[in-house]
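>>> coordinates for the following, if possible.
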Amino acid sequence: MGLVTRQRGGRGNQRSTIEPTPRLREMLAGLESGPRPIGREAGAETIILKASTGRGRSKLLLDYADTPETIAMRADMQAINAFLAEADIGLDGNPPQLPVFLTRRFQIEHPDAPHTFDQHGRLYGGFWMSLPKTQRHLIRINGEEVADLDFTAMFPQLAYLEAGAVLPRGDPYGGIEGLPRAAAKMGLSALLCRRGAMRRLPSGVREAAGKGWNAERLSQALAERHPAIASMFGTGLGLRLMFTESRILLVALRTLMEQGVPALPMHDGIMVPRSRSDQATTAMVDASQGIAGIPLPVVIKA
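The predicted structure follows:
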């Protein structure tokens, strides 16, 4: 129709973008009452299932038969979206963003595998999720500054729980000579999520690690740093850890929704109005106790 142009993204952090053409801009500018609110058509799917199709390839979107489980999960997402739609969520003094539409994404190992909903399960779709960390302080919820709450080292915490061990004190991403913390964090996540040995450093890890690091050296260094979970490297456990993570987050979101507190989910944390940070911390700790069996520590990011 000549109304938008699409620029495809690439591997790594480059995202696909859609931009209005001059024709659409003229149509919007010509409205007698000014630009009308742009919304979202009701009825879009919130529970998404995809299948892996091979390393480096796009995942395949799957249709699936509804079950009581998927119906309940969809009702959860609808309730959360409806609640957040009532909040005034803006950025840096600008008008509210588009109505919130969060989805929950699941993954199976290949297109012919049984349709299960116990891997991945993280929430996506909030504009704040792709916002650089240095700009999160610009977010306002009902006109109030936000508190950025985060589970401390959640992924290694859950991995150690899976192994029946306790995460040692100290920074789980530190203590490896010559390896920057960011590289250790991304590398540990990659080793837990992948199937098979790491043959080359993933994009992002390679840049963060710097010269002198390769996949074999990184794998060995992280195995020596975390011997209790080294046997889990290359097993694909990470997708199940993400599922546990998402369950904890959803329990916290539901609790806060019942208390009238708008909460913006990240993968391992939430942002809430600053005046509600104590309530949110309690909800997150209680949720981890209920799902994982231990109260996971929560911190407020600077």
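>>> could you check which helix or strand contains residue 278?
helix 277-292 (DSSP states H and E).
>>> in the helix or strand just after that helix, which residues are buried?
Sequence order places strand 298-300 as the next helix or strand after helix 277-292, per DSSP H and E. Buried residues in strand 298-300, counting neighbours by 16 or more other Cβ atoms under 10 Å, are found at residue 298. The C-beta positions use only the backbone N, C-alpha and C, and glycine is treated the same way.
>>> distance from strand 298-300 to the middle of the chain?
Centroid separation for strand 298-300 versus its chain: 17 Å, with Cα atoms, centre = their mean, to the nearest Å.
>>> list the neighbouring strands of that strand plus their orientation.
strand 144-151 (antiparallel) (DSSP bridges).
>>> in the strand it pairs with, what's buried?
Applying 16+ other Cβ under 10 Å to strand 144-151 flags 146, 147, 148, 149, 150, 151 as buried.
>>> list the residues that contact the third one.
Contacts here follow Cβ atoms under 8 Å, 6 or more residues apart in numbering; on that basis residue 148 touches 136, 137, 269, 271, 300, 301.
>>> ok, and the closest non-adjacent residue to it?
Nearest non-adjacent residue to residue 148, counting by Cβ to Cβ, 6 or more residues apart in numbering: residue 301, 4.2 Å away.
>>> packing partners for the helix holding residue 278?
Taking 3 or more Cβ pairs under 8 Å, 6 or more residues apart in numbering; DSSP states H and E as contact, the helices and strands that helix 277-292 lies on are strand 144-151, helix 154-162, helix 238-258, strand 269-273, strand 298-300.
>>> between that helix and helix 154-162, how many degrees?
Put simply, helix 277-292 runs at 30 degrees to helix 154-162, going by axes from the mean of the first three to the mean of the last three Cα atoms, to 10 degrees.
>>> identify the bridge partners of the closest residue to residue 249 other than its chain neighbours.
Computed as Cβ to Cβ, 6+ apart, the closest residue to residue 249 that is not its neighbour in sequence is residue 265, at 5.6 Å. Residue 265 has these beta-bridge partners by DSSP bridges: residue 270.
>>> mind listing the strands for the stretch 51-200 of the chain?
60-62, 89-91, 103-108, 120-124, 139-141, 144-151 (DSSP state E, counting those that start in this stretch).
>>> sheet-wise, list the partners of the first one with their directions.
Using DSSP bridges, the strands paired with strand 60-62 in its sheet are strand 47-51 (antiparallel).
>>> for the partner strand, the averaged confidence score.
On average, the pLDDT along strand 47-51 is 97.
>>> so how far is that strand off the chain centroid?
15 Å.
>>> other residues contacting that strand?
Contacts for strand 47-51 (Cβ under 8 Å, 6+ apart): 59-62, 64, 70, 73-74, 77, 103-111, 113, 115, 117.
>>> got the CA coordinates for that strand in CSV?
Only the C-alpha atoms of strand 47-51 are listed here, as CSV (Å, rounded to 0.1, in the frame of the first residue of the first chain):
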residue,chain,number,x,y,z
ILE,A,47,1.3,-17.3,24.1
ILE,A,48,3.8,-18.0,21.4
LEU,A,49,5.5,-21.3,20.6
LYS,A,50,8.6,-21.6,18.3
ALA,A,51,10.9,-24.4,17.3
